[in-house]
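*Asks:* compute the structure for the input listed below.
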Amino acid sequence: MADPAALEASIALLPPAARRLLWIISRALPPVPETLVEKVWSGESVEEEKLRSIGRMMAALERVPAESRPKAPPMPDDVRARIAELEARAHAPHADIEPLVGDLVAARLCTRGSLTDGGEAMGFSFTPEVADAIAAWMNAHPEERDARDEAQIRVAFGERYGAALLAALEGQVPGGTKEAGIEAGSRAVDYMLAAGAHDALAALLGGAVRAANDAEIVGPVVAAIEDKGALEATTRAMAAKGDALGEAGTLSALAGFRKSKGEIDGAIALEAASLAALARADSPVGCALVHLRLSGYLDEAGRADDAAKHHLAALLYRAIAGSDFSAEIRALVERMGRGSYALPPVATLVADEAFAPLRAFLQSRRVPVVDVQADVDALVGQVKRHLAG
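*Replies:* Below is the predicted model:
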């Protein structure tokens, strides 16, 4: 075990910038990729980096003669204003980390994986004693932290991994997209929860489910949050932001993950919770999607009557919203083809308090229940004739 006094003396001999770099590196989970350290060291957030990139593209386009410019929709005023604000704010470049890394390695305060090692071996590593020693130094010398605290550094690392998760969801990671997405998302969870940053994690998940609510990728990431006992705090942060769609998508992704593990009762409970979140949003298509998934879970669990209720709810949301309901029809054909499967009367369904949001939706669209029932009867009749023929 390293001598604390010797460690403190080695740290004291470093230039202030090298101490700050060591502090940043040691707030991470080793081995820390060099490219990741460089980005966090820069002090810019992922969003600011993207805005600066957009600003450079805009400037390049504006240098092209108007008649030769590619046609594109106008930049929203708020985005243009934020880019202008960033450009007006002088961004002092941080020192190159290369000589600073040399100082740290020479002082034996961290090690640097060789480029030839590849994989996780590439990056910076350090001992717990070094991490504790530099943390103690920065607590005693806060002026050396460049106006950032430990939680902000951890969130900065988490946001970088969060950006990698979104890239995987959007299909921007060549090869191994699923595994890369799960790994990046799980790392983001580790960092953000270590920082107690439930709001940042809620924002990341909201973006993830909007990018592609892929239960195979997002589900395991949400499961990692649940395993750490932080799911309720994270969904509460979503609710506080008014992000009902993000909350519902997060719970649905976890439901899909539980279903893939054979935990059908857990999947049903989570999908029902997703519906409760959607009740706070005006999203008939979202409600239809969740009702249909829930009906499938209930059908698999042998609860045909409950499955039929949610199946009908999905049909009604889709049809009345003017959305494509072919998925609901395919499911109806498949289930009726297996034997006894009957949709309940529409009036009975909307009178059920569990389906109060559906009732309110029908009332808001001024759709008479009797008319809806006639349409449902006609659809069921068509399915029966199809199956008989």
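*Asks:* going forward, measure contacts and count neighbours with C-alpha atoms only.
*Replies:* Will do.
*Asks:* which ones are touching the residue nearest the centre of the chain?
*Replies:* Nearest to the mean C-alpha position of the chain, by C-alpha atoms, centre = their mean, lies L205 at 2.5 Å. For L205, the contacting residues are 246, 250, by C-alpha atoms under 8 Å, 6 or more residues apart in numbering.
*Asks:* where's it, which helix or strand?
*Replies:* Element membership of L205, judged by DSSP states H and E, is helix 198-212.
*Asks:* alpha carbons only: can I get the helix or strand that that helix is followed by in CSV?
*Replies:* Later in the chain than helix 198-212, the nearest helix or strand by DSSP H and E is helix 215-227. Taking C-alpha atoms only, helix 215-227 is exported to CSV below (Å, rounded to 0.1, in the frame of the first residue of the first chain):
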residue,chain,number,x,y,z
ALA,A,215,-36.2,-3.1,-25.4
GLU,A,216,-33.2,-5.2,-26.3
ILE,A,217,-30.9,-2.2,-25.7
VAL,A,218,-32.8,0.2,-23.5
GLY,A,219,-34.3,-2.6,-21.4
PRO,A,220,-31.1,-3.9,-19.9
VAL,A,221,-30.0,-0.3,-19.2
VAL,A,222,-33.2,0.4,-17.3
ALA,A,223,-32.7,-2.9,-15.5
ALA,A,224,-29.3,-1.7,-14.3
ILE,A,225,-31.0,1.3,-12.8
GLU,A,226,-33.6,-0.9,-11.1
ASP,A,227,-30.9,-3.2,-9.8
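*Asks:* tell me the average confidence for helix 215-227?
*Replies:* Taken as a whole, helix 215-227 has a mean pLDDT of 94.
*Asks:* thinking again about what came up before, buried residues, the helix holding L205. List them.
*Replies:* 198-209, 211-212 (16 or more other C-alpha atoms under 10 Å).
*Asks:* again, but for stretch 334-343
*Replies:* Result for stretch 334-343 [16+ other C-alpha under 10 Å]: buried residues 335-336, 341-343.
*Asks:* residue ranges in the stretch 251-389 of the chain under the pLDDT threshold?
*Replies:* Counting by pLDDT under 70, the stretch 251-389 of the chain has no low-confidence residues at all.
*Asks:* let me see the ranges of the helices in it.
*Replies:* In the stretch 251-389 of the chain, the helices defined using DSSP state H, counting those that start in this stretch lie at 264-278, 284-300, 304-321, 326-337, 346-351, 356-364, 369-388.
*Asks:* output the ones you listed as CSV; include the columns distance to Y191.
*Replies:* Converted to CSV, these look like this (distance: least, C-alpha to C-alpha, whole Å):
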stretch, distance to Y191
helix 264-278, 25
helix 284-300, 30
helix 304-321, 38
helix 326-337, 39
helix 346-351, 45
helix 356-364, 37
helix 369-388, 50
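*Asks:* quick one: which of those helices is nearest M138?
*Replies:* helix 264-278 (42.6 Å; C-alpha to C-alpha).
*Asks:* contacts for the closest one, please.
*Replies:* In this structure, residues lying in contact with helix 264-278 by C-alpha under 8 Å, 6+ apart are 244-245, 247-252, 254-259, 286-287, 290-291, 293-294, 297-298, 301.
*Asks:* what's the answer for stretch 332-339, then?
*Replies:* By C-alpha under 8 Å, 6+ apart, stretch 332-339 touches 311, 341-342, 383-384, 387.
*Asks:* nearest to G113 among the residues you listed?
*Replies:* For the contacts of stretch 332-339, the residue nearest G113 by C-alpha to C-alpha is H311; the value is 55.3 Å.
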